[in-house]
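Asker: sequence and predicted structure, then a few things I'm wondering about:
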Amino acid sequence: MKLKNAREIEEGTVLKEGTSKKNKTGNWKTFEPVVDFDKCIHCMKCVMYCPDICIFQKNGKRGKNDLSMCKGCGICAQVCPANAIKMVKRK
Ligand code: SF4
Ligand code: SF4
């Protein structure tokens, strides 16, 4: 089942596991994370805690987000010890 947005899901619906890759849950969010790489200390906490595995690391450094998968939950901003992530309203 391919869904365009959350409103298409009826109450009580059970979705098949592993579908977020197909459904691009990033389209549903209201807020999105913006990273200040000048503040980032590359601790990788956000990488570990992101429930949608949309933050990547490259060569031991924190990389960019894949916002097409990000739900805007704000967990990354909450766990960041350097206060390097701000949640901003999506345009
Ligand atoms: S807002 Fe949530 S889903 Fe998006 S990158 Fe942060 S932890 Fe991951
Ligand atoms: S949690 Fe904050 S400091 Fe750590 S890698 Fe993520 S953005 Fe950088």
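Answerer: Sure, I can see it. Ligands and ions are numbered 1, 2, ... in the order given.

Asker: helix, strand, or coil at Ala77?
Answerer: For Ala77, the secondary structure call by DSSP: H, G, I helix; E, B strand; the rest coil comes out as helix.

Asker: could you pull up the residues touching it?
Answerer: 33, 85-87 (CB atoms under 8 Å, 6 or more residues apart in numbering). In short, each C-beta sits where N, CA and C put it, glycine included.

Asker: okay, and the beta partners of the nearest residue to it once chain neighbours are set aside?
Answerer: Distances taken as CB to CB, 6 or more residues apart in numbering place Ile85 nearest to Ala77, at 4.1 Å, with adjacent residues excluded. Residues in a beta bridge with Ile85, per DSSP bridges, are Val35.

Asker: what does the model give Ile85 for pLDDT?
Answerer: Note on Ile85: pLDDT of 97.

Asker: repeat for Lys64
Answerer: 89.

Asker: separation between the residue with the largest distance to the centre of the chain and Lys71?
Answerer: Residue farthest from the centre of the chain, counting by CA atoms, centre = their mean, is Gly12 at 24.3 Å. From Gly12 across to Lys71, the span is 20 Å (CB to CB, to the nearest Å).

Asker: next up, the contacts around the residue minimising distance to the centre of the chain.
Answerer: The residue lying closest to the centre of the chain (CA atoms, centre = their mean) is Cys70, at 2.7 Å. For Cys70, the contacting residues are 25-26, 29, 32-33, 50, 52, 54, by CB under 8 Å, 6+ apart.

Asker: same question for Ile53.
Answerer: Here Ile53 is in contact with Met69 (CB under 8 Å, 6+ apart).

Asker: and it, what element?
Answerer: In the assignment (DSSP states H and E), Ile53 maps to no helix and no strand.

Asker: since we're on the closest residue to Phe56 other than its chain neighbours, how many residues are nearby?
Answerer: Distances taken as CB to CB, 6+ apart place Gly63 nearest to Phe56, at 4.1 Å, with adjacent residues excluded. Using other CB atoms under 10 Å, Gly63 is surrounded by 14 other residues.

Asker: Gly63 against Gln57, yeah?
Answerer: Yes - the pair Gly63 / Gln57 is scored as a contact, 5.6 Å apart, by CB atoms under 8 Å.

Asker: cheers, nothing more for now.
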